[in-house]
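K.L.:
sequence below, structure please.
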Amino acid sequence: MKQRGRAGRVHPSGGVTMFRRILVPLDGSDFAERILPLAADLARRMGSTLALVLVHRRLPALVAADEAAQVEPLFDKQLREEEEEYLDGLHTRVPALHGLAIEHAVLEGTVASAIAEYVQRHDVDLVAMTTHGRGPISRFWLGSVADRLVRKVHVPILLVRPDNLPQFPLGADRPVLVPLDGSPLAEVALAPALSLAALGGSPVALLSVVEPGFVPWTPLPAAEPVPMEAESLERRRLRATKYLHELAEKLRAQGRQVTAEVQLGADPAKVILHEVDERKAGLVALATRGLGGAERFLLGSVADKLIRSAHCAVLVVHPEDER
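P.N.:
This is a model prediction of the structure:
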């Protein structure tokens with residue numbers, strides 16, 4: 001691909017990460033295409049190149065093996081030409097793409113691996129996609145292409161459900177919500193969140209959820225887990241409050257519009273989802289790892305619950321030490 005390079009990732013006015021090349025994975029479905037107006041709007045506001053990619057579907061996945069042996073070369077060539085024509089035609093078929101710098105490519109290999117390799121080779125800064133594509137709209141997110149990409153691609157991924165797709169989700173009345181747990185790993189979501197907030201003129205809302213914990217061991221046989229002492233919970237709440245307010249002050253000193261709030265709740269995802277709806281957030285940004293740095297499976301995790309349930313876009317960010 002042409003126009004390679006990462007120059008310009010730091011915005012001259014704010015020192016935050018900007019996205020110079022935005023990749024949109026497509027599969028020919030209407031669901032996958034629904035991200036295009038939003039991705040195009042982001043690209044236009046940032047002066048970014050938009051890369052549209054589709055992973056080639058090889059014949060054995062479509063017909064029986066004995067039939068494939070006879071017709072594969074011709075049919076495969078025809079299918080690839082149709083895929084190229086599909087991508088090439090998007091620029092004229094989708095009005096939102098008019099006037100943008102567009103790249104497109106048909107990739108080879110398994111979907112997630114092929115896209116991850118493209119991201120690395122072509123200096124992609126952001127992946128934007130819907131959470132459903134060829135499969136039915138009720139499909140669980142875990143096991144989908146989106147899930148595998150979150151595990152493989154170490155650049156921010158903007159995920160939006162097909163039914164939650166405004167042209168641009170941010171503005172003065174649509175804050176960017178950033179859940180934090182006090183760890184440096186969780187803070188990696190801040191830079192891209194600040195970048196998008198600045199782009200849309202949105203305030204940033206920092207949120208920490210303190211969970212009432214349980215003592216994992218008790219000397220009493222067959223006893224129920226013992227709740228932590230109230231003062232222990234209060235100490236953790238005060239520590240989270242101090243951390244968030246200090247961080248918010250640093251960001252305000254940079255000219256950011258920032259709020260900070262600590263909530264108590266046994267289910268962080270439920271608390272975050274409530275805050276998304278209460279604040280009418282346009283975006284929630286979070287890292288895929290948090291306190292402790294242990295690998296987290298997305299099924300049942302905060303990230304998975306947010307992606308499946310949030311009435312807004314979700315930005316998933318990998319820790320920088322994994323890139």
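K.L.:
what's the host helix or strand of residue 74 packed up against?
P.N.:
With the criterion set as DSSP states H and E, the secondary-structure element containing residue 74 is helix 65-93. In this structure, helix 65-93 packs against strand 49-55, strand 101-107, with contacts taken as 3 or more CB pairs under 8 Å, 6 or more residues apart in numbering; DSSP states H and E. Just so you know, the C-beta spots here come from the backbone N, C-alpha and C atoms, and that holds for glycine as well.
K.L.:
show me which residues of the last one are buried.
P.N.:
Judged by neighbour count (16 or more other CB atoms under 10 Å), strand 101-107 contains these buried residues: 102, 103, 104, 105, 106, 107.
K.L.:
now do stretch 173-180
P.N.:
Residues of stretch 173-180 classed as buried: 174, 175, 176, 177, 178, 179, 180 (neighbour count, 16+ other CB under 10 Å).
K.L.:
format the helices and strands packed on helix 65-93 as TSV; extra columns: distance to residue 21 and mean pLDDT.
P.N.:
Supplementary listing: the helices and strands packed on helix 65-93 in TSV, determined by distance: least, CB to CB, whole Å; pLDDT from 0 to 100:
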stretch	distance to residue 21	mean pLDDT
strand 49-55	5	96
strand 101-107	8	95
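K.L.:
for those strands, which one sits closest to residue 275?
P.N.:
Residue 275 sits nearest to strand 49-55 of all the helices and strands packed on helix 65-93, at 31.4 Å, using CB to CB.
K.L.:
now do the closest one: which elements does it pack against?
P.N.:
Using 3+ CB pairs under 8 Å, 6+ apart, strand 49-55 sits against strand 21-26, helix 36-46, helix 65-93, strand 101-107, helix 111-121.
K.L.:
between strand 49-55 and the second one, find me the angle.
P.N.:
Spelled out, it's helix 36-46. Here helix 36-46 points in a direction 150 degrees away from that of strand 49-55 (axes from the mean of the first three to the mean of the last three CA atoms, to 10 degrees).
K.L.:
ok, residue 174 - contacts?
P.N.:
Contact criterion CB atoms under 8 Å, 6 or more residues apart in numbering gives 200, 202, 280, 281, 282, 283 as the residues in contact with residue 174.
K.L.:
let's see that with 7 Å instead.
P.N.:
Residues in contact with residue 174, defined by CB atoms under 7 Å, 6 or more residues apart in numbering, are 202, 280, 281, 282.
K.L.:
run a quick neighbour tally on residue 188.
P.N.:
Per other CB atoms under 10 Å, the neighbour tally for residue 188 reads 23.
K.L.:
what about it, which SS state?
P.N.:
Secondary structure for residue 188, judged by DSSP: H, G, I helix; E, B strand; the rest coil, is helix.
K.L.:
return whichever strand or helix holds residue 250 as PDB; C-alpha atoms alone will do.
P.N.:
Here residue 250 sits within helix 230-253, counting by DSSP H and E. Written as PDB, here are the backbone C-alpha positions of helix 230-253 (Å, rounded to 0.1, in the frame of the first residue of the first chain):
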ATOM      1  CA  ALA A 230     -16.600  -1.600  56.200                       C
ATOM      2  CA  GLU A 231     -13.500   0.500  56.900                       C
ATOM      3  CA  SER A 232     -11.500  -1.600  54.400                       C
ATOM      4  CA  LEU A 233     -14.200  -0.800  51.700                       C
ATOM      5  CA  GLU A 234     -14.100   2.900  52.800                       C
ATOM      6  CA  ARG A 235     -10.300   3.000  52.500                       C
ATOM      7  CA  ARG A 236     -10.500   1.600  49.000                       C
ATOM      8  CA  ARG A 237     -13.200   4.200  48.100                       C
ATOM      9  CA  LEU A 238     -11.000   7.000  49.400                       C
ATOM     10  CA  ARG A 239      -8.000   5.700  47.600                       C
ATOM     11  CA  ALA A 240      -9.900   5.600  44.300                       C
ATOM     12  CA  THR A 241     -11.300   9.000  44.900                       C
ATOM     13  CA  LYS A 242      -7.900  10.500  45.500                       C
ATOM     14  CA  TYR A 243      -6.500   8.800  42.400                       C
ATOM     15  CA  LEU A 244      -9.300   9.900  40.100                       C
ATOM     16  CA  HIS A 245      -9.300  13.500  41.400                       C
ATOM     17  CA  GLU A 246      -5.600  13.900  41.000                       C
ATOM     18  CA  LEU A 247      -5.700  12.500  37.500                       C
ATOM     19  CA  ALA A 248      -8.600  14.800  36.600                       C
ATOM     20  CA  GLU A 249      -6.700  17.800  37.900                       C
ATOM     21  CA  LYS A 250      -3.700  17.000  35.700                       C
ATOM     22  CA  LEU A 251      -6.000  16.800  32.700                       C
ATOM     23  CA  ARG A 252      -7.800  20.000  33.500                       C
ATOM     24  CA  ALA A 253      -4.400  21.700  33.700                       C
END
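K.L.:
which parts of that helix are buried?
P.N.:
Within helix 230-253, the residues that count as buried by 16+ other CB under 10 Å are 233, 236, 240, 243, 244, 247, 248, 251.
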